[in-house]
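J.: give the three-dimensional model of this entry:
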Amino acid sequence: MNNRFVLISGCSGGGKSTLLAELSARGHAVVEEPGRRIIAEELATAGKALPWVDQAAFLRRAIDMALADRISAAAHEGWVFFDRGLVDAASALETLTGEPVLRPLCTSQRYHRRVFMAPPWPEIYVTDPGRQHGFEAATAEYHRLMTAFPALDYDVINLPQTAISARADFVQACLGNVA
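T.: Got it, this is the predicted structure:
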């Protein structure tokens, strides 16, 4: 378990990336969402590992990237905040294909025991070229993750639907000196 690696997960379009930008502005190391980076690469190269073209290939790339991100993040001091991570990709792949990947991958590659979840927030949800699924699919994703994280013995903390600075304050207060 890496006590310095903190996951920000939850509903697509729930404000995770905005929260990570605020935490970065406060001097914390952050790791961008694997899915967004993969989509940008695939669109730039006319690749097929896109969630709306070949979701299994996309999720396998996300798993590989999340594992590589953990290795790279070890070089940082202090808290490292991840915009999604291994559990997100592995639980999605297991749900999609039935392959039992979640427990084997995620029990040996732990994050901080507290995981922060962005709940569905319809008032801020938008689609874009990298997020083509609707709010209903995003909400289903949230519910899948709300089952996956506790099953792996994580303490799940829902983020408040409030201003970004207050959200960042909340995360920092919840972590406090907890290791």
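J.: now the element after the helix-or-strand element of the chain with minimal mean pLDDT, going C-ward?
T.: The helix or strand of the chain with the lowest confidence, counting by mean pLDDT, DSSP states H and E, is helix 135-151 at a mean of 87. The helix or strand immediately downstream of helix 135-151 is strand 155-158, counting by DSSP states H and E.
J.: parallel or antiparallel, which strands does that following strand pair with?
T.: strand 114-118 (parallel) (DSSP bridges).
J.: dump the partner strand to CSV, keeping only the CA atoms.
T.: What follows is strand 114-118 as a C-alpha-only set of coordinates in CSV (Å, rounded to 0.1, in the frame of the first residue of the first chain):
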residue,chain,number,x,y,z
ARG,A,114,-9.2,6.8,1.8
VAL,A,115,-10.6,7.3,-1.7
PHE,A,116,-12.4,10.5,-2.6
MET,A,117,-15.5,10.0,-4.8
ALA,A,118,-17.1,12.7,-7.0
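J.: what is the orientation angle of it with helix 135-151?
T.: 170 degrees (axes from the mean of the first three to the mean of the last three Cα atoms, to 10 degrees).
J.: now do the contacts for S165.
T.: Counting by Cβ atoms under 8 Å, 6 or more residues apart in numbering, S165 makes contact with E22. Heads up, the C-betas are built off the backbone N, CA and C, glycines and all.
J.: what about it, distance to T18?
T.: Separation of S165 from T18 (Cβ to Cβ, to the nearest Å) stands at 11 Å.
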